[in-house]
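In: coordinates only, sequence not included:
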């Protein structure tokens with residue numbers, strides 16, 4: 001009877017409420033979309049890497065820009081499982097080859113593409129209560145179910161902060177000031193500038209289905225309070241090949257009064273350990289104003305200070321296990337005493 005009670009409690013704990021925290025690292029990379037879930041309370045995570053970019057612009061006589069981007073994302077789960085504080089930074093250093101004049105002019109340019117600070121909050125979690133297991137049907141446990149498409153939903157709100165007075169890449173436009181500052185006085189126009197800060201909001205959804213597939217969507221309104229507010233979307237489909245390897249395909253669309261663009265990325269990630277992930281990405285866009293090619297290499301690493309919540313079912317399970325050990329100890333002691341009495345009776 002006691003063993004049956006233990007098995008029952010153990011089964012209940014397997015379908016108990018789950019937290020956002022996972023035993024393995026939960027990274028937004030590879031790709032640019034952000035997942036709906038946070039890293040988990042008391043977890044600090046860094047996602048760093050380097051990206052090579054080649055740009056060419058047919059509207060500027062095929063002028064080119066070749067450079068490297070260093071990116072850094074810092075994520076901290078705080079107060080509760082559904083909250084995350086996020087910083088995202090990108091810094092670009094490269095050479096601009098202006099072919100507007102008969103003699104090309106090469107110049108070095110560097111500056112921030114992004115300095116974003118925000119907070120993510122999980123609005124809805126369909127995985128909060130894990131589904132039960134049907135011990136009689138493999139198909140019932142592993143087949144596709146429509147309810148698996150119901151996504152987790154989160155909202156991220158924050159601000160892009162511009163620390164530079166003369167950023168050569170205003171509004172992420174690599175060729176934004178190509179004609180300037182040489183000709184702008186004659187044209188009676190001023191260089192493109194960004195305000196000190198502008199707002200960004202992202203609605204993210206995340207669906208899991210067929211055990212090895214994850215679909216993430218991001219819908220973003222960016223640069224609110226600037227001259228060129230931008231709307232964008234990202235669609236990311238990830239497939240797990242085995243416990244260590246996964247691949248992904250991603251599409252991004254961007255639209256503003258400054259430019260429209262559509263990008264495609266594909267890549268792979270390798271789980272080096274429970275706290276380290278390595279990833280690589282290749283990508284390009286569909287236009288020539290400008291055209292871009294990209295290669296990304298990155299690493300995600302977490303510092304795990306998370307302490308698991310112990311449910312009442314788990315406490316009951318531990319209590320029953322302790323009672324079982326005590327019962328076995330008493331049973332062995334009584335058996336030993338009976339054997340001793342029997343030997344004395346025979347003598």
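Out: Everything's here; your move. A quick note: this is a predicted structure, and the numbers were derived from the prediction, not measured. Numbering: from 1, shown residues only.
In: how far is the top helix by length along the chain from where the chain is centred?
Out: Ranked by residue count under DSSP state H, the longest helix found in the chain is helix 312-346. Distance, stretch centre to chain centre, for helix 312-346: 50 Å (C-alpha atoms, centre = their mean, to the nearest Å).
In: what is the mean pLDDT for that helix?
Out: Averaging pLDDT along helix 312-346 gives 75.
In: which elements pack onto the strand of greatest length in the chain?
Out: If you go by DSSP state E, the chain has its longest strand at strand 105-124. With contacts taken as 3 or more C-beta pairs under 8 Å, 6 or more residues apart in numbering; DSSP states H and E, strand 105-124 sits against strand 63-77, strand 83-98, strand 152-161, strand 197-209. Every residue, glycine included, has its C-beta placed from N, CA and C.
In: to residue 44, which of those strands lies closest?
Out: strand 63-77 (5.3 Å; C-beta to C-beta).
In: next, the buried residues of the closest one.
Out: Neighbour-count burial for strand 63-77, counted by 16 or more other C-beta atoms under 10 Å, picks out 63, 64, 65, 67, 69, 71, 73, 75, 76, 77.
In: among these, which pair sits farthest apart?
Out: 63 and 77, at 43.8 Å, using C-beta to C-beta across the buried residues of strand 63-77.
In: could you list the low-pLDDT ranges of the stretch 151-300 of the chain?
Out: Residues of the stretch 151-300 of the chain meeting the criterion pLDDT under 70: 179-192.
In: domains in the chain, by residue range?
Out: 1-16+311-347, 27-304 (automatic domain parsing).
In: deepest of those, which one?
Out: domain 27-304 (a mean of 16; mean count of other C-beta atoms under 10 Å).
In: and it, how far apart are its ends?
Out: Terminal residues of domain 27-304 lie 13 Å apart, using C-alpha to C-alpha, to the nearest Å.
In: with stretch 56-72 instead?
Out: 25 Å.
In: how far is that stretch from where the chain is centred?
Out: On C-alpha atoms, centre = their mean, the centre of stretch 56-72 falls 26 Å from the chain's centre.
In: quick check: mean pLDDT of it?
Out: 92.
In: and residue 87, what pLDDT?
Out: At residue 87, pLDDT is 96.
In: mind listing what it touches?
Out: 72, 73, 74, 116, 117 (C-beta atoms under 8 Å, 6 or more residues apart in numbering).
In: any idea how far it is from residue 226?
Out: 20 Å (C-beta to C-beta, to the nearest Å).
In: what's the answer for residue 220, then?
Out: Residue 220 is 14 Å from residue 226, where distance means C-beta to C-beta.
In: likewise for residue 107?
Out: When residue 107 is compared with residue 226 (using C-beta to C-beta), they lie 25 Å apart.
In: angle of whichever strand or helix holds residue 47 against strand 63-77?
Out: Using DSSP states H and E, residue 47 maps to strand 43-57. With axes from the mean of the first three to the mean of the last three C-alpha atoms, to 10 degrees as the basis, strand 43-57 and strand 63-77 are set at 170 degrees to each other.
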